[in-house]
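> how would this look folded up:
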Amino acid sequence: MFLQNIKKEILHVGNVIDELKAFVNMTDTFELIIGSDSQRKGLITIHATVLFLWNLTTRKFRLFYNKERIPHTGRIDLSVRLIEEASRSVGLAQTVIESGVMDVIGMENLIIHLDVGVNGKSKKVINTVTGMVKGMGLEYKIKPDAFVASCIADRLSK
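Residues are numbered from 1 along each chain as shown. This is a model prediction of the structure:
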């Protein structure tokens with residue numbers, strides 16, 4: 001898997017993990033937040049998955065993202081798209097966990113931001129996507145607290 005940084009440099013996920021490890025120190029508090037969003041444009045769905053490492057002490061951050069255009073031949077239900085978004089976030093989280101970077105940050109500081117909320121059309125899949133994330137043993141936030149999915153990934157998917 002490849003990710004881009006905010007300079008639009010394309011990096012292999014191994015290089016991203018190395019950059020995350022270099023950014024983390026033992027004295028500050030960090031959150032590693034992962035979120036996804038997608039937009040339909042004609043017969044293409046644009047998926048953006050964001051990895052956001054936030055130093056809560058200094059307020060500095062590192063941002064990496066994957067943007068993918070997926071062609072499709074018909075209408076894709078909103079529920080299917082939201083489940084796919086959650087699945088992409090969980091997949092990236094598993095890659096990060098396997099890298100060992102969470103040993104330094106702490107698993108309790110890994111949060112999945114889900115692009116679902118109690119209002120609007122997405123409320124019908126809240127139990128499905130939150131159950132998927134909980135089933136993997138991960139913490140999550142939903143809108144309006146899920147800014148990585150609802151703001152950053154949303155912007156990148158347009």
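> in the helix or strand bottoming out on mean pLDDT in the chain, which residues are buried?
Ranked by mean pLDDT, DSSP states H and E, the weakest helix or strand in the chain is helix 102-105, scoring a mean of 88. Going by neighbour count (16 or more other CB atoms under 10 Å), the buried part of helix 102-105 is Met102, Ile105. For glycine as for every other residue, the C-beta is placed from the backbone atoms N, C-alpha and C.
> restricting to C-alpha, output it in CSV.
The C-alpha coordinates for helix 102-105 follow below in CSV (Å, rounded to 0.1, in the frame of the first residue of the first chain):
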residue,chain,number,x,y,z
MET,A,102,1.4,1.4,18.6
ASP,A,103,3.8,-0.1,21.2
VAL,A,104,5.2,3.4,21.5
ILE,A,105,1.9,5.4,21.1
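> low-confidence regions, the chain specifically.
Along the chain, the model assigns pLDDT under 70 to no residue.
> strands of this protein, start to end?
Remark: strands assigned in the chain by DSSP state E are 2-5, 10-12, 30-41, 44-55, 61-71, 110-113, 139-141.
> can I get the ones you listed in JSON lines including distance to Gln94 and mean neighbour count?
Output for the strands of the chain, formatted as JSON lines (distance: least, CB to CB, whole Å; neighbours: other CB atoms under 10 Å):
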{"stretch": "strand 2-5", "distance to Gln94": "15", "mean neighbour count": "16"}
{"stretch": "strand 10-12", "distance to Gln94": "17", "mean neighbour count": "12"}
{"stretch": "strand 30-41", "distance to Gln94": "10", "mean neighbour count": "22"}
{"stretch": "strand 44-55", "distance to Gln94": "12", "mean neighbour count": "20"}
{"stretch": "strand 61-71", "distance to Gln94": "14", "mean neighbour count": "16"}
{"stretch": "strand 110-113", "distance to Gln94": "10", "mean neighbour count": "24"}
{"stretch": "strand 139-141", "distance to Gln94": "14", "mean neighbour count": "19"}
